[in-house]
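Visitor: model this:
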Amino acid sequence: MAMERMEALLKQELAQLERSGMRKSREAIITGVVPPREGRGVRYLLQGEGDRPFLRMNSNGYLGLALHPEVVKAEEEGARAYGAGPGAVRFISGTYEPHVRLEQRLAEFHGREAAMLFSSAYATVMGVLPTLISAETAVLSDELNHNCIINAIRLARPKEKFVYEHLNVDQAETFLRQAAESCRRGIIVTDGIFSMRGDHAPLKELLALARTYDEKFAEGVIVVVDDSHGVAAFGKTGRGVEEYTECGHVDVLIGTLGKAFGVNGGYVVGSSLLIDYLREKAPLYIYSNPITPGEAAAGVKAVEIVSGPEGLQRLERLRELTAKFRQGLRDVGFETLSGEHPVVPLMLRDTEKTRSMVLYLRQRGILATGIVYPVVPRGDEEIRFQVSADHTAADLDEVLNVLGESKDMRAS
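Guide: I've put the predicted structure just below:
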């Protein structure tokens, strides 16, 4: 049987992943949520672990909005009013009032003319980039860009593709100068926050580079940024890397509702003309169902919260907790990277050490994610801790104490 032969090959590949240490661990299945109490933040129950609570240090929910009562209420009311699912793609009959309201709120939040929702940020990048990349386009991409950007460029098949060293604007300029000799359009694409490290792109410098070389391309040079880890989590008011770097508006900004906003879905903001064009041409928008009306209603509420006084308070708390945890890692004697984003990497630089530490933490009730090759280059293996505004100082002290104990055990 053909499938039997194929499955034999698949089994071999899985075994190779296991031997090399690159196979992902089995998914932890959350079965319940334990509310905060006695100075401790939210805890989670896992399948197979009985009533033992776990501290989650690997969530993208940087502001803790997924459990916010007003966000939950908005989603419940949206589902009651419009049903559990949209029932169609947007251009047929799948556009509901909460979708339109959320797009308006996101455009206002980012100071743009228009916004457009996708089912996820990954789908947004895969829908937007290939639509903007023509057969005469040169694409410049940071070497540590997210997998969605890498795959979107592969799908688009631009005339020229240049991958510049991480954050190396000088090398990007060399590539752009070279591309101007053979391509009509230039696109510089980068993550805003690099999700494995928590560092940010030099947007001011990249924008200046694009403006300098714009006239050398018949169709100009634009900057596209996926700031999914930055929006609502970075910058004084949560406007992401644009705000933090004071660069002004990039040409095309992609974000997500599924991280700091605590809901689900992805989006792109830009000019009205750009969004009109993408609605007509982006296949992952045209042919995929949108997020549910309930999710969109929850998104509206989340944007309202982040835009108001409570959002500012949560962002300030997030910055304080992040600084405490990053300094705590150093005080315990671990290597981390400088920065202010709530992604705080513990650099172990070895696959086996990383896997062992993740297991050690889980045995002590702490969920953390190990990042190893090929997700990161060899030698950059790490545990990616993610701080949230719904953590407490006691939560972070608990993690730091466990890490300190692990260091003491190895020393003895």
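Visitor: in the stretch 151-300 of the chain, which spans are strands?
Guide: Along the stretch 151-300 of the chain, counting by DSSP state E, counting those that start in this stretch, strands occupy 160-164, 185-191, 221-226, 252-256, 266-270.
Visitor: any chance of TSV for those, columns mean neighbour count and distance to residue 277?
Guide: No exception for glycine: its C-beta is placed from N, CA and C like everyone else's. As requested, those are arranged in TSV below (neighbours: other C-beta atoms under 10 Å; distance: least, C-beta to C-beta, whole Å):
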stretch	mean neighbour count	distance to residue 277
strand 160-164	18	23
strand 185-191	26	14
strand 221-226	25	13
strand 252-256	26	11
strand 266-270	26	10
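Visitor: mind listing what the closest residue to residue 64 other than its chain neighbours touches?
Guide: Residue nearest to residue 64 in three dimensions, not counting chain neighbours: residue 390, with 2.9 Å by C-beta to C-beta, 6 or more residues apart in numbering. Contacts here follow C-beta atoms under 8 Å, 6 or more residues apart in numbering; on that basis residue 390 touches 36, 41-42, 61, 63-64, 67.
Visitor: tell me the SS of residue 390?
Guide: Taken by DSSP: H, G, I helix; E, B strand; the rest coil, the conformation at residue 390 corresponds to coil.
Visitor: that older thread, so which of the strands of the stretch 151-300 of the chain is nearest residue 360?
Guide: When the strands of the stretch 151-300 of the chain are compared for distance to residue 360 using C-beta to C-beta, the nearest one is strand 185-191, at 29.8 Å.
Visitor: strands paired with that closest one, and their directions?
Guide: Taking DSSP bridges as the criterion, strand 185-191 sits next to strand 137-142 (parallel), strand 221-226 (parallel) in its sheet.
Visitor: dump those to JSON lines, plus mean pLDDT and distance to residue 55.
Guide: JSON lines is the format used below for the strands paired with strand 185-191 (pLDDT from 0 to 100; distance: least, C-beta to C-beta, whole Å):
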{"stretch": "strand 137-142", "mean pLDDT": "98", "distance to residue 55": "32"}
{"stretch": "strand 221-226", "mean pLDDT": "98", "distance to residue 55": "29"}
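Visitor: ignoring the adjacent residues along the chain, who's closest to residue 142?
Guide: Once chain neighbours are set aside, the closest to residue 142 by C-beta to C-beta, 6+ apart is residue 190, at 4.7 Å.
Visitor: pull up the gap between the one you found and residue 247, please.
Guide: Noted for residue 190: a distance of 12 Å to residue 247, by C-beta to C-beta, to the nearest Å.
Visitor: tell me the domain boundaries of the protein?
Guide: Following automatic domain parsing, one gets these domains for the chain: 25-56+309-411, 69-307.
Visitor: average pLDDT across the shortest one?
Guide: On average, the pLDDT along domain 25-56+309-411 is 93.
Visitor: run the chain-centre distance for it.
Guide: 17 Å (C-alpha atoms, centre = their mean, to the nearest Å).
Visitor: all helices of the stretch 301-412 of the chain, in order?
Guide: 309-332, 351-363, 393-411 (DSSP state H, counting those that start in this stretch).
Visitor: ranking the domains of the chain by burial, who's on top?
Guide: A comparison of those by mean neighbour count, using mean count of other C-beta atoms under 10 Å, puts domain 69-307 on top with a mean of 20.
Visitor: start to end distance for that domain?
Guide: Distances were taken as C-alpha to C-alpha, to the nearest Å; on that basis the terminal residues of domain 69-307 are 17 Å apart.
Visitor: so what's the closest residue to residue 241 other than its chain neighbours up against?
Guide: Spatial nearest neighbour of residue 241, excluding adjacent residues (C-beta to C-beta, 6+ apart): residue 192 at 3.8 Å. Applying C-beta under 8 Å, 6+ apart, we find residue 192 in contact with 200-201, 203, 225-231, 234, 240-242.
Visitor: could you check the pLDDT of residue 192?
Guide: The per-residue pLDDT reported for residue 192 equals 98.
Visitor: so how far is residue 169 from it?
Guide: Going from residue 192 to residue 169 by C-beta to C-beta gives 15 Å.
Visitor: check residue 52 too.
Guide: Residue 52 sits 48 Å away from residue 169, taking C-beta to C-beta as the criterion.
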